[in-house]
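1. Provide a 3D model corresponding to the input given below.
(one chain, ligands or ions: 1)
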Amino acid sequence: MAKLARLDDIVSLCKRRGFIYQSSEIYGGLASCYDYGPLGAELKRNVRNAWWKHVVQMREDVVGLDCSILMHPMVWKASGHADKFADLVTVCKKCGTRSRVDHLQDSKPSNAPVPAEPQQSQDLSGKVCPACGAVGQFGQPMAFKLMFETQMGANVDDTMTLFLRPETAQGIFANFRNVLDSTRIKVPFGIAQIGKSFRNEVTTKAFIFRTREFEQAELEFFCKPGTDESWFEHWKQQRFNWYLEYGIKKENLRFREHEKDELAHYAKACVDVEYKFPFGSGDWQELEGIANRTDYDLRQHQRGIRTMNDWYENKGDLTKIALRQESEDYLKGPLAYFDEETRERYVPYVIEPSAGIDRSTLAFLVDAYDEEQVNNEQRNLLRFHPALAPVKAGVFPLVKKDGMPEIAMNIYNDLKKYFTVFYDEKAAVGRRYRRQDEAGTPYCITVDGQSREDNTVTVRERDSMEQTRVHIDQVKTYLREKLDL
Ligand code: ATP
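-> This is a model prediction of the structure:
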């Protein structure tokens, strides 16, 4: 049975083997920021590619986008982030620890859902401080703004105070019309994007689970009102199956439907895909949120476009300007859709699956982690799905003589055109196998004495440790089939 990973094991493996390092470590580190090392950069790239393959490449009804991180300040006014994107925070009077109100646990567990939106009046009398355990000893909750601010140009009149985007989704809404006008795509269709987002989180935790700079993979799927519920179901299943397909164990994955009073005011439905992480208070934590956002965002941006006219007249700080009311004929607005076939006009509803690339990378690491005893020695391994494995094959000469390194180097040079492969001739072959097991490499190819006689090599499989003899000319095809690449 697979060993359950502890977060400490994962953090130490990641550091030791070059998956993930603390940011700016040489200067003592920068809290909640992380750097991906040589193996981590490959792993994360593979996670991104696996998402893109399923959400964009394999579908006729989804196109990709890659927006700038800095956007016009009106984007965040219209989306609601400039005014409302804040967490309620409180400080424990006993120990001084600052906590997010929606993360506080009841002293006696209740089934009441946690509100998703910051609420001004909160009864914290039954809540427990996660640091010192004091019950109900909290100060007045205060709003803590989550967007990072920056300036564009000299910004003398505050008109160009910008925000680092806290989600990639708004870039998609802002380009909805561009995509419609420059492609032949028709509703229902989706626009997908992967990119960095920034949130000045109140508390960060658990390694790369919650950080202040992170990567999101988001899809906004536009559909006709009335068809939204079935598209919501469709994407729920698609996204759940994606995690299973790439190796997450079924018992570690579940849906959590949001209660009605937990939903953001514009959302019609929301479900989280949760993973059983080996940390935190409740184990089950959000990996991805899938929401039915209705026509809220596109209608808000139509209000934003109208508001720009006021701004052209008065200038000033855009984030403080009042958003104009919606036009009565909003169905004729620039972000409304006209269906040529049915001659209908509507503002599309949006289904949004929103995943975290770093968070799913952590889940794939945790789920793949295993330890087992082999010949009285501990073997550490990462049982990655081959598509996610940072290195697909290790290539070794058994010993550094008798022409073996030359043959192995030729194989390596041929394979590297197709796969990420690693050549290693140092130390005993058993140790080289262990190093690749720990990096999650699915196959190792070893050139030995017999190779010179019959042109065959040993191919060793990571999980079973089984060895097969394969003709050198067949190695590439063999790997292709086994890796399904
Ligand atoms: P929470 O309530 O936990 O702060 P959220 O519900 O606001 O998160 P979303 O806005 O739905 O999160 O973001 C979608 C996805 O982006 C999340 O499921 C997660 O995978 C990822 N994500 C969000 N915030 C962070 C973060 N600070 N660090 C890493 N990943 C994040």
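2. CA only for contacts and neighbour counts going forward, please
-> Fine.
3. for the residue lying closest to residue 339 once chain neighbours are set aside, what are its contacts?
-> Computed as Cα to Cα, 6 or more residues apart in numbering, the closest residue to residue 339 that is not its neighbour in sequence is residue 345, at 6.2 Å. Residue 345 sits next to 331, 332, 336, 337, 338, 339 when contact means Cα atoms under 8 Å, 6 or more residues apart in numbering.
4. Low-confidence bits of the chain, can you list those?
-> Confidence mapping of the chain against pLDDT under 70 gives the ranges 1-4, 109-122, 280-282, 315-316, 319.
5. residues from it in reach of the ligand?
-> 209-212, 214, 216, 286-289, 354-356, 359 (Cα under 6 Å from any ligand atom).
6. Could you list which of those belong to helices?
-> The helices, defined by DSSP state H, take in residue 359 from the residues of the chain next to the ligand.
7. List only buried entries from the residues of the chain next to the ligand.
-> 209-212, 214, 216, 286-289, 354-356, 359 (16 or more other Cα atoms under 10 Å).
8. Could you pull out the helices in the protein for me?
-> Going by DSSP H, the chain shows helices at 7-17, 38-52, 73-79, 81-84, 169-174, 176-182, 228-245, 296-314, 357-368, 404-415, 429-439, 449-454, 475-483.
9. what residues does the fifth one touch?
-> What that stands for is helix 169-174. Residues contacting helix 169-174 (Cα under 8 Å, 6+ apart): 65, 67-68, 71, 75, 79, 191-193, 218-220, 297-298, 301.
10. In the residues you listed, which residue is surrounded by the most others?
-> In terms of neighbour count, residue 219 stands highest of these at 28 neighbours, by other Cα atoms under 10 Å.
11. Tell me what it is bridged to.
-> Residue 219 has these beta-bridge partners by DSSP bridges: residue 192.
12. hang on, isn't it packed against residue 354?
-> Yes - distance between residue 219 and residue 354: 6.5 Å, which falls inside the contact criterion (Cα atoms under 8 Å).
13. Could you count how many residues lie near residue 421?
-> The burial count for residue 421: 21, using other Cα under 10 Å.
14. Contact partners for it?
-> Residue 421 neighbours (Cα under 8 Å, 6+ apart): 391, 392, 393, 394, 395, 412, 415.
15. most neighbours, which of the residues you listed?
-> Most surrounded of the contacts of residue 421: other Cα under 10 Å gives residue 393, at 29 neighbours.
16. List the residues that contact that residue.
-> If you count contacts by Cα under 8 Å, 6+ apart, then residue 393 has 419, 420, 421, 422, 441, 442, 443, 444, 445 around it.
17. what about 6 Å?
-> Residue 393 makes contact with 421, 441, 443, 444, according to Cα atoms under 6 Å, 6 or more residues apart in numbering.
18. what's across from it in the sheet?
-> Beta-bridge pairing for residue 393 (DSSP bridges): residue 421, residue 443.
19. Distance check, it against residue 18.
-> Taking Cα to Cα, to the nearest Å as the measure, residue 393 falls 17 Å from residue 18.
20. Then residue 479?
-> Residue 479 is 25 Å from residue 18, by Cα to Cα.
21. would you turn the residues of the chain next to the ligand into TSV with distance to residue 99?
-> TSV is the format used below for those (distance: Cα to Cα, whole Å):
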residue	distance to residue 99
209	17
210	14
211	15
212	16
214	21
216	24
286	19
287	21
288	23
289	22
354	25
355	24
356	23
359	21
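22. Among the residues of the chain next to the ligand, which pair sits farthest apart?
-> 212 and 289 (18.1 Å; Cα to Cα).
23. Which among the contacts of residue 345 count as buried?
-> Looks like the contacts of residue 345 have 331, 336, 337, 338 buried, using 16+ other Cα under 10 Å.
24. In strands, which of those appear?
-> Judged by DSSP state E, strands contain the following of the buried ones among the contacts of residue 345: 337, 338.
25. If we only consider the buried ones among the contacts of residue 345, which is nearest to the ligand?
-> Among the buried ones among the contacts of residue 345, residue 336 lies closest to the ligand (Cα to the nearest ligand atom), at 25.0 Å.
26. Quick check: the gap between the nearest residue to the closest one once chain neighbours are set aside and the ligand.
-> Excluding the flanking residues, the one nearest residue 336 by Cα to Cα, 6+ apart is residue 347, at 4.5 Å. From residue 347 over to the ligand the distance is 23 Å, taken as Cα to the nearest ligand atom, to the nearest Å.
27. Contact partners for residue 347?
-> 295, 336, 337.
28. most surrounded residue in the contacts of residue 393?
-> residue 441 leads the contacts of residue 393 on contacts (other Cα under 10 Å) with 30 neighbours.
29. quick one, phi psi at the closest residue to residue 211 other than its chain neighbours?
-> The shortest distance from residue 211 to any non-neighbouring residue, by Cα to Cα, 6+ apart, is to residue 32 (4.8 Å). Main-chain torsions, residue 32, degrees, to the nearest 10: phi 60, psi 20.
30. Look at residue 32 and say how many residues are nearby.
-> Residue 32: 20 neighbours (other Cα under 10 Å).
31. Against residue 102, how distant is it?
-> Relative to residue 102, and taking Cα to Cα, residue 32 is found at 20 Å.
32. can you check residue 8 too?
-> 26 Å.
33. who's more crowded, these two?
-> Between residue 8 and residue 102, counted using other Cα under 10 Å, residue 102 has the larger neighbour count: 17 against 13.
34. From residue 286, how far off is that one?
-> Residue 102 sits 14 Å away from residue 286, going by Cα to Cα.
35. List the buried residues in stretch 70-89.
-> 71, 73-79, 81-82, 84-89.
36. quick one: terminal-to-terminal distance for that stretch?
-> 27 Å.
37. Show me what it is in contact with.
-> Counting contacts by Cα under 6 Å, 6+ apart, the residues outside stretch 70-89 that touch it are 99-101, 118, 141-146, 162, 164, 300-301, 304, 319.
38. so can I have TSV of the helices of the chain showing distance to residue 265?
-> Below are the helices of the chain laid out as TSV (distance: least, Cα to Cα, whole Å):
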stretch	distance to residue 265
helix 7-17	35
helix 38-52	29
helix 73-79	13
helix 81-84	12
helix 169-174	17
helix 176-182	22
helix 228-245	17
helix 296-314	10
helix 357-368	26
helix 404-415	53
helix 429-439	45
helix 449-454	67
helix 475-483	45
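39. Could you chop this structure up by domain?
-> 7-69+165-295+348-363, 86-145, 391-483 (automatic domain parsing).
40. Quick check, the residue in the stretch 51-200 of the chain closest to the ligand?
-> For the stretch 51-200 of the chain, Cα to the nearest ligand atom, closest residue to the ligand: residue 199, 6.1 Å.
41. May I have the residues that are in contact with that residue?
-> 146, 147, 166, 212.
42. quick one, what contacts the residue of the stretch 351-485 of the chain at minimum distance from the ligand?
-> Ranked by Cα to the nearest ligand atom, the top residue of the stretch 351-485 of the chain for proximity to the ligand is residue 356, at 3.2 Å. Taking Cα under 6 Å, 6+ apart, we find residue 356 in contact with 215, 216.
43. Bridged to residue 163, which residues?
-> residue 149.
44. any idea how far residue 144 is from it?
-> In terms of Cα to Cα, residue 163 sits 15 Å off from residue 144.
45. Can you pick out the residue with more neighbours from those two?
-> Each of residue 163 and residue 144 has its neighbours counted (other Cα under 10 Å); residue 163 has more, 22 against 18.
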